[in-house]
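J.: Got a sequence here, can you model it:
(3 chains)
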Amino acid sequence: MFKRLIVVLVLLGVLVSACATPPTAVPATEAAPTEAPATEAPTVEPVEPFRIAVIMPSAITDMAFSQSMYSALIAVQTEMGGESALEIKYSEGMFKVPDAAAAIRDYASQGFNVVIAHGSQYGASVQEIAVDFPNVTFAWGTDVNTFGMPNVFAYTAAAEQGGYINGVLAAMLTKTKTIGVTGPVEVGDAKTYVDGFVQGVASVDPAIKVSKTWTGSFSDVALMTEAAKTHIAAGADILTGSSQSVVGSIGAAKDNGSVLWFGTQQNQSSLAPTLVVASQVYDWSGMIKEIIANNKAGTLGGQAYVLQLKNDGLKIVFNPDYALSAEIKAAGEKAIADIIAGTITVNP
Amino acid sequence: MPPEKEEIAVRTRRFGSPGMFFNALLPLAGMLLALLIGAVMLLILKVNPLTAYAEMVGGALGSVSGITQTLVKATPLLLVGLGICIAFRASVINIGGEGQIIVGALAATWFPLTFRMWPGWLLVPSTLLVGFAAGAAWGFIPGILKARLKVNEILTTVMMNAIALQLMNLLIRSVLMDPAGITAGTYLAQSERLPEQSWLTRLVPQTLLHTGTLIAVALAVIVYIFLWRTTIGYRIRAVGLNPDAARFSGINVPFNQALSLTLAGGFAGIAGAVEVLGVQHRLLEGITSGYGFSGIVAALFGGLHPLGTIPAALLFGGLLVGGDKMQRAVQVPNSLIDAILGLVVLFVVGSALWSRRWAARRQMAAAKNQKELG
Amino acid sequence: MNDVFQLSVVAGILTSAIRLATPYLYAAIGEAFSQRSGVVNLGVDGIMLISAYASFYIVLNTGSIWLGLLAAIVVGLLMGLLMAFISVTLKAEQGISGIGLYMFGLGLSSLLFKTTIGTVKTVTGFQPVKIPLLGDIPVVGEIFFQHSLLVYGAFLLVPLAWFVLEKTTWGLKNKSVGQNPAAADSLGVNVDRVRYVSVCIGAILAGIAGASLSISLLNLFQDNLTAGQGFIAVALVYFGGWKPVGILWGALLFSTVNAFQLWMQVLGVKIPSDVAIMLPYLLTIAALAITINRVRQPAALNKPFERGES
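T.: As a prediction, this is how the structure comes out:
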């Protein structure tokens, strides 16, 4: 018995070491020359680029949360003058916290100026790692907690504000007085957006029925689509919703042909050009620029940013291909002005 | 399958025979073939495969942080894999690891938050036990349904995964939601941070390596003793080897199958608890990280042997960690790593046939020798 | 709660259920072909994903839904050949090779999506076709006869698969290699070939299941589009006792309850959404536990066959 066990062990040990050692030996030497120019290159260049690394839970093409950050970074990069001015590295699909923690630490030790942990689940990791890298700026969100550390920024988006605007517009457009909301799980900005939306609708006409469905998943497009079709069958003529799986809801609206859509997180007009009325867009670029400026000025952290309509972090993008009546658009813009002025407060 | 594996192990008892070398070499060849195809994909993406793979190996083994990260990754794989060893040894297919991890994590979040005044020496072991119990309960349901009503366990465990996920959604947005998130109006899908004395001790500073890894290795030894040195373990294996023979010799087959599923659930539950106490210190979405499935791969790579699962979990954990590092270093999409890992699994498992044939040939030769000697 | 039992709501639930059941039917009946011959393929979800991608890509670039469907079939076949090679020729552990296939399909589909398409787009896929006369019947026509061709195909597959599996010589061979491969072998049945064909049929149907999502029901592709539907499909095979009609009931039960819970949410029934979402899973288990389940699984399921071994 015991011998058998030893054999199995030795065998697997051999397997593991055999797998592990030869490749280390060979490519390790290969790696040295390839890496060398990379580290030398900046010294040749007159100006070292500012370096930002970002860790994101889903794909940079998700049409939602991760893409909003990635496109903001790219926009800032273009504005600053390309890769020679701003170097961006990303890790996507990091929904596993231990992997993200490894990535955060790895980037920090590689001398990036700013490491952005773009997921509320990364907070604990940031809190732990930031202590070990006092010269690196860490930014994380969505949350408002900087842990009292001088090198941590926190950021979040007041999604309820854009939700409110979308709600006002939707309430004025609905003919059936029925609106459908397709959400993933009632947490985070999926919840706060919907809460704001409901308040916005009620501010116009409390009699309008807003029914909500949750699919229990951020990625189940099929169920999301069916939820949207159910809303339509129940009489909804306007839909909205949050998460990367709402592409399914937009598809359902498009199949129907006359149901309107309100987007959030990203500008979703391209998915149904004639049916998307407006989208709340998270624009992180202003915040990124501020973080860069702060970092260059020696302030590595200690503040929390909240994307709002007021600071242009949240934008309501009207779809130019949808002919929104001037009256309704004016009502929407008045609501935006009221929120900015503080005469309307939206509770998350 | 299990009987064959048993035989192979017996056949390969002699040390130093050339066959043993091949046994180790063939899966390696399978892996290299998979990496070769991966290299072609890398070339298509205009990435130098040598640089990429150097980063992969270096990322997993080349530094203290890499090695500890591999160990951290291997820990839940090993824990889930141990449960899989028990279940598959009894010919019970447990696809429910994901759900069992979730309920283990839920219990291990609720318990320290409720008994937050308890000292660490009491809180940590009891939380692990509670995690075990929750996972075991989640494994018991498919177990008892199989034993009493002959409901197929693949069906129930797949369904129970979805149920556990929704249970987590329900709790995390109600009773377990972080009060700070509610005050701040962010409503994040996470629990409050657990009291500090409930955290597993970190073994290496500035890394995530925690005592859970040691617990997992100790449990591997215990499971080995359980399966091979106790009567219950013998019965579980007997049920898997030949249920009819087991029945004739008076073993209660359904009972032992239900027991094995319960234990499998328990170990996955500990995996969930260890992730919460050792790594995250709070409950977050995505806690399972697919360990419920990759744990199966680890156990089967390890020959369904608790101690064999240790190196197998390390190997698989190393691949995952190295893959992430490679993604960061050469900026390829994360999904490329998934695809390459899938190929590794396919080709390594595919290479088992030749090892088996080699073993059979050797055994025949050995039998012939024995005859001549006798 | 009374709202739930209005005629229009019942019609809505059934219409949804038929749509939702479509991918499960293709994938689960395909898996039944494979499992009846003795091969468990846990990689269904991976095949669905990669075929969903392939058909979407083709439709996006050529505009031809039929070429798209063909692409799903071809890709499904290739994945089937890979699975068959590993599990039949190389006689690998089936559970683990299926998981490998799943990881491969998940990774490759998302990699290709990212590199060739980049962002979420929509296409015009199979459109609903109203069947003449039948489609005009009030309520009933709306429920059953105003779907896309791939939906009709899924339901026509049930009698077709039943016929092939139960009434043809090949169906008999398929069954015999799953029950007793050694005996089948001694009767001159080429065990490996039958298993290859069975696994490939299963994979092709899984491919069509993927296409039914990406170019018929959803008309888009995204990372992990199936969100685990392939695993539910495998579970439904056990629900249906390896019989197409049983699978039909399982798929309809699961989908109807799923449609029902969506309607409950839309109508504002006071029940936590998470509990509502659990219902289809809970009821599927309950239904199988209540109906006494005496179907024996294929005796050689999950067992590679090697000549002269048993």
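J.: List, one by one, the residues from chain C near chain A.
T.: With Cβ under 8 Å from any Cβ of the partner chain as the criterion, chain C meets chain A at residues C:8-9, C:12, C:15-16, C:19-20, C:23, C:110, C:113-114, C:118-122, C:213, C:217-220, C:222-227, C:229, C:258-259, C:262-263, C:265-268, C:273-274, C:277. (Glycine included, C-beta is placed from N, CA and C.)
J.: Filter those residues down to the buried ones, ChimeraX style.
T.: Remark: buried members of the residues of chain C next to chain A, expressed as a ChimeraX selection using 16 or more other Cβ atoms under 10 Å in any protein chain shown:
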select /C:9,12,15,16,19,20,23,110,113,114,119,120,121,122,213,217,218,219,220,222,223,224,225,226,227,229,258,259,262,263,265,266,267,273,274,277
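J.: Just the ones of the residues of chain C next to chain A in helices?
T.: Among the residues of chain C next to chain A, DSSP state H puts C:8-9, C:12, C:15-16, C:19-20, C:23, C:110, C:229, C:258-259, C:262-263, C:265-266, C:273-274, C:277 in helices.
J.: And for whichever residue of the stretch 101-250 of chain A sits closest to chain B, nearest residue in space, chain neighbours not counted?
T.: Per Cβ to the nearest Cβ, A:V187 is where the stretch 101-250 of chain A lies closest to chain B, at 3.8 Å. Residue nearest to A:V187 in three dimensions, not counting chain neighbours: B:A189, with 3.8 Å by Cβ to Cβ, 6 or more residues apart in numbering or on different chains.
J.: For the helix or strand of chain C with the lowest mean pLDDT, buried residues please.
T.: Sorting the helices and strands of chain C by mean pLDDT, DSSP states H and E puts helix C:140-144 at the bottom, at a mean of 87. Using 16+ other Cβ under 10 Å as the test for burial, helix C:140-144 gives C:E142, C:I143, C:F144.
J.: Now do the next helix or strand after it: which elements does it pack against?
T.: Next helix or strand after helix C:140-144 toward the C-terminus (DSSP states H and E): strand C:146-148. Using 3 or more Cβ pairs under 8 Å, 6 or more residues apart in numbering or on different chains; DSSP states H and E, the elements in contact with strand C:146-148 are strand C:128-130.
J.: Which residues of the stretch 151-300 of chain B lie near chain C?
T.: B:151-152, B:154-156, B:158-160, B:162-163, B:166-167, B:169-170, B:173-174, B:293, B:296-297, B:300.
J.: Ok, chain A next?
T.: A:58-59, A:61-63, A:67, A:180, A:185-186, A:211-217, A:219-223, A:225-227, A:229-231, A:233-234, A:244-245, A:247-248, A:250-251, A:254-255, A:271-272.
J.: Now intersect those with the helices, please.
T.: Per DSSP H, the residues of chain A next to chain C map to helices at A:67, A:221-223, A:225-227, A:229-231, A:233, A:247-248, A:250-251, A:254-255.
J.: Domain parsing of chain A, as residue ranges.
T.: For chain A, automatic domain parsing gives the domain ranges A:46-157+A:282-313, A:159-275+A:322-341.
J.: Buried deepest among these, which one?
T.: Stretch with highest mean neighbour count among those: domain A:159-275+A:322-341 (a mean of 23; mean count of other Cβ atoms under 10 Å in any protein chain shown).
J.: Tell me how far it lies from the chain's centre.
T.: 18 Å (Cα atoms, centre = their mean, to the nearest Å).
J.: okay, the domains of chain A in CSV with mean pLDDT next?
T.: Below are the domains of chain A laid out as CSV (pLDDT from 0 to 100):
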stretch, mean pLDDT
domain A:46-157+A:282-313, 90
domain A:159-275+A:322-341, 93
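J.: quick one, which of those is nearest to B:T68?
T.: domain A:46-157+A:282-313 (9.3 Å; Cβ to Cβ).
J.: quick one: contacts for residue 275?
T.: Unless you meant another one, I'm taking chain A. Contacts of A:L275 were listed using Cβ atoms under 8 Å, 6 or more residues apart in numbering or on different chains, and they are A:I250, A:A253, A:K254, A:G257, A:S258, A:V259, A:L260, A:W261, A:Y322.
J.: think we crossed wires, I meant chain B
T.: Going by Cβ under 8 Å, 6+ apart, B:E275 touches A:P98, B:P76, B:I101, B:A105, B:I287.
J.: Any chance of a markdown table for those, columns distance to B:G278 and secondary structure?
T.: A markdown table is the format used below for the contacts of B:E275 (distance: Cβ to Cβ, whole Å; DSSP: H, G, I helix; E, B strand; the rest coil):
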| residue | distance to B:G278 | secondary structure |
| --- | --- | --- |
| A:P98 | 9 | helix |
| B:P76 | 9 | helix |
| B:I101 | 13 | helix |
| B:A105 | 11 | helix |
| B:I287 | 12 | coil |
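J.: Who wins on neighbours among these?
T.: Most neighbours among the contacts of B:E275, by other Cβ atoms under 10 Å in any protein chain shown: B:I101, with 36 neighbours.
J.: Isn't that one up against B:T288?
T.: Yes. With contact defined as Cβ atoms under 8 Å, B:I101 counts as touching B:T288 (4.6 Å).
J.: Overlap in contacts, the two.
T.: Listed as contacting both B:I101 and B:T288 by Cβ under 8 Å, 6+ apart are B:G272.
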